[in-house]
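Q: take this sequence and fold it.
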Amino acid sequence: MANIRELKKDINYVLGDIIEAVYIIEASNDKSGSKEGSEIIDGAIGTFDDLISKVNMKGMENRKAHLKSVRKELEEKARGLVDKLNAMA
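A: Model prediction:
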């Protein structure tokens, strides 16, 4: 079960850091509440909700493979959000 706990923490920290980076970039560029920033934040929140619900799924035939796919999906979606973040800066 420690693996599930660590995965949930990783999801929280990675997406939380992306949201924090949006606020930092907006503050440094005086663009508070920008459309691009709001889209990235909404994407991060939606990704968080989706991934946490996938982690909490019960009755999986191969739980270990399922959690690996969730971790891979986290990496892919976070990379996409970071690319958008870099374009915003």
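Q: going forward, measure contacts between C-alpha atoms and count neighbours the same way
A: OK.
Q: helices or strands up against whichever strand or helix holds Leu15?
A: Assigned by DSSP states H and E, Leu15 falls within helix 2-28. Using 3 or more CA pairs under 8 Å, 6 or more residues apart in numbering; DSSP states H and E, the elements in contact with helix 2-28 are helix 35-55, helix 63-88.
Q: name the nearest residue to Ile4, sequence neighbours excluded.
A: Val55 (7.3 Å; CA to CA, 6 or more residues apart in numbering).
Q: what pLDDT does the one you found get?
A: Note for Val55: predicted pLDDT of 94.
Q: residues contacting the residue sitting nearest the centre point of the chain?
A: Nearest residue to the geometric centre of the chain (CA atoms, centre = their mean): Leu15, 3.4 Å. Leu15 makes contact with 44-45, 48, 78 under the criterion CA atoms under 8 Å, 6 or more residues apart in numbering.
Q: on that earlier part again, next, the angle helix 63-88 makes with the helix holding Leu15.
A: Per axes from the mean of the first three to the mean of the last three CA atoms, to 10 degrees, the angle that helix 2-28 makes with helix 63-88 is 10 degrees.
Q: in helix 2-28, what's buried?
A: 7-8, 11-12, 14-16, 18-19, 21-23, 25-26 (16 or more other CA atoms under 10 Å).
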